[in-house]
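Q: sequence and predicted structure below; questions after.
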Amino acid sequence: MKKIKFDSMKNYRGLLFLLIILTYSLFANAQEQRLQVIKEAVVFMAKINNVSNVTSIQDSNSIKSLINYSNGKNIQGLNRLIKSWNESTYYKKNDIEELSKIILNDLTGGDKSDRKIKYEVPYKNFKINLEKISKANKDEQKNVVDTVSQNKLLRNNRVKEGDKIIDPIKPSINTKSDKELYISYIALFFSLVSIVLFFAGYKKYNSLKSDYHKLKDKFYSEYGSFKFKVEEFISAKSSIVEKSVNTISPSQTELTMNSAPNMHNQTANYLIEEVSQQKDENIIKYAKSSDNGGFNTIDLKNKQNGECIYELHIKGKNGFFKLSTDKKVRQYTLSSNPEYYFKPDSCQMEGIPSSDKTIETKAPGKITLNSDETKWLIDDKISLIFR
């Protein structure tokens, strides 16, 4: 009888690959489940505090967005609890059942146990939802263990015949060398290292981007102050020149006026007309973002450049500001860096700005020019809704 060799190394590699795929799938699902557990806790706290529009909580896709929601609704203590749950060892170990117990105890245990009775319906729904998520997590872990066990059993269900191995299921080609197997493991190791380095580099990129915007804002602020001082200097020099002109002798003045009899009056009338016209004229300026409760005059643009989300409508030393109606500009600001464009010092926000939302303006903001005319100060914030 002809003996058939079985490629045992290939089976080991297949099992390892299957294990990696299942583990990654389990990890991804567990991440979603543990975020869902905290979402349910935020929904429960929002309901018992009579907060409207809790559906926006389910649209949140990160711990950071839940913290932003909590800050916007001013639910006492919730912000601290979310951070505590996020840093819990059970959260990091994907132990959904233990994490659920901690959350239940924090919200309805001890001196807060009266919430179970006072808010009976929200509490029951909250508890049922946590139990469903915990059960789904356990089932997924069990499925992974069962799948790996079945593959191990299948691999071990082989018989040895002399110095050769026969697979009762299917024949295979010659066994690969250990050297080839090690090369596969090394390739897998470097792939995992590359993924880790990629995410570390992406995090560093976001940090540098944030620092860049801070430095840019500081530069424009310093530049505005410098420009104001230069204007003061020019004004002082003009005053000196004017005094020098006033010291010219009467005969020189008469000679000058005779050579151009109407020039002085025409120039004065023109300047008065120009200034009066500018004060009464409605001017539109464009701004990308606010800076410490206002808009620096040096940062304002005369035309839309594709990044300016704010339109400033100015008349004299007062005005109002609203969002640009350009859909491309709105989508750009929501998808690139919404925290930079929509700041708490200029916006009263309902919901969280993100690329999958639309913006609705409830009321425009109001602005006033400061005394040194270097900044338009925000008197009333613009009121926005993100849906």
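A: Structure received. Numbers count the residues shown, from 1 in each chain.
Q: which strands or helices does the longest helix seen in the chain pack on?
A: If each helix of the chain is counted by residues according to DSSP state H, the longest one is helix 178-246. With contacts taken as 3 or more CB pairs under 8 Å, 6 or more residues apart in numbering; DSSP states H and E, helix 178-246 sits against helix 8-48, strand 294-296. From N, CA and C alone the C-beta is placed, and that goes for glycine too.
Q: I'd like the average pLDDT over the shortest one.
A: The predicted model gives strand 294-296 an average pLDDT of 96.
Q: now do the first one
A: With pLDDT averaged residue by residue, helix 8-48 scores 68.
Q: show me the strands in the stretch 51-200 of the chain, by range?
A: For the stretch 51-200 of the chain, the strands defined by DSSP state E, counting those that start in this stretch cover 159-161, 164-166.
Q: no, scratch that, I was asking about the stretch 251-387 of the chain
A: Assignment of strands within the stretch 251-387 of the chain using DSSP E, counting those that start in this stretch yields the ranges 283-287, 294-296, 310-315, 318-323, 347-350, 359-363, 365-369, 375-380, 382-386.
Q: and for the closest residue to residue 103 other than its chain neighbours, the neighbour number?
A: Once flanking residues are discounted, residue 103 sits nearest to residue 41: 4.9 Å by CB to CB, 6 or more residues apart in numbering. Using other CB atoms under 10 Å as the criterion, residue 41 is surrounded by 26 other residues.
Q: so residue 41 makes contact with residue 105?
A: No - using CB atoms under 8 Å, residue 41 is not in contact with residue 105, being 11.3 Å away.
Q: tell me which residues in stretch 351-360 are buried?
A: Residues 351-353, 357, 359 are the ones in stretch 351-360 that count as buried (16 or more other CB atoms under 10 Å).
Q: same check, this time on stretch 362-375
A: Using 16+ other CB under 10 Å as the test for burial, stretch 362-375 gives 364-365, 367, 369, 374-375.
Q: repeat for stretch 313-332
A: For stretch 313-332, a neighbour-count test (16+ other CB under 10 Å) marks 314, 319-321, 323-324, 329-330, 332 as buried.
Q: what's the span of it, first residue to last?
A: One end of stretch 313-332 sits 22 Å from the other (CA to CA, to the nearest Å).
Q: who's in contact with the nearest residue to residue 112 once chain neighbours are set aside?
A: Of all residues not flanking residue 112 in the chain, residue 106 sits nearest, at 8.0 Å (CB to CB, 6+ apart). By CB atoms under 8 Å, 6 or more residues apart in numbering, the contact list for residue 106 reads 81, 84-85, 112.
Q: pick the one among those closest to residue 211.
A: residue 84 (28.6 Å; CB to CB).
Q: roughly how far apart are the residue nearest to that closest one when sequence neighbours are not counted and residue 80?
A: Spatially, and ignoring its direct neighbours in sequence, residue 84 is nearest to residue 106 (7.6 Å; CB to CB, 6+ apart). According to CB to CB, to the nearest Å, residue 106 stands 10 Å off from residue 80.
Q: who touches both of the two?
A: With CB under 8 Å, 6+ apart, residue 106 and residue 80 have no common neighbours.
Q: give me the mean pLDDT for the longest helix of the chain.
A: 79.
Q: give me the pLDDT for the closest residue to residue 60 other than its chain neighbours.
A: Sequence neighbours aside, residue 66 is the residue nearest to residue 60 in space, at 5.2 Å (criterion: CB to CB, 6+ apart). pLDDT, residue 66: 84.
Q: residues contacting residue 66?
A: Contacts of residue 66 by CB under 8 Å, 6+ apart are 38-39, 42, 57, 60, 82.
Q: out of the residues you listed, which is nearest to residue 216?
A: Checking these against residue 216 with CB to CB, the nearest one is residue 60 at 29.3 Å.
Q: that closest one against residue 351, yeah?
A: No - here residue 60 does not reach residue 351: they are 10.1 Å apart, not a contact under CB under 8 Å.
Q: and residue 131, what does it touch?
A: Residue 131 neighbours (CB under 8 Å, 6+ apart): residue 100.
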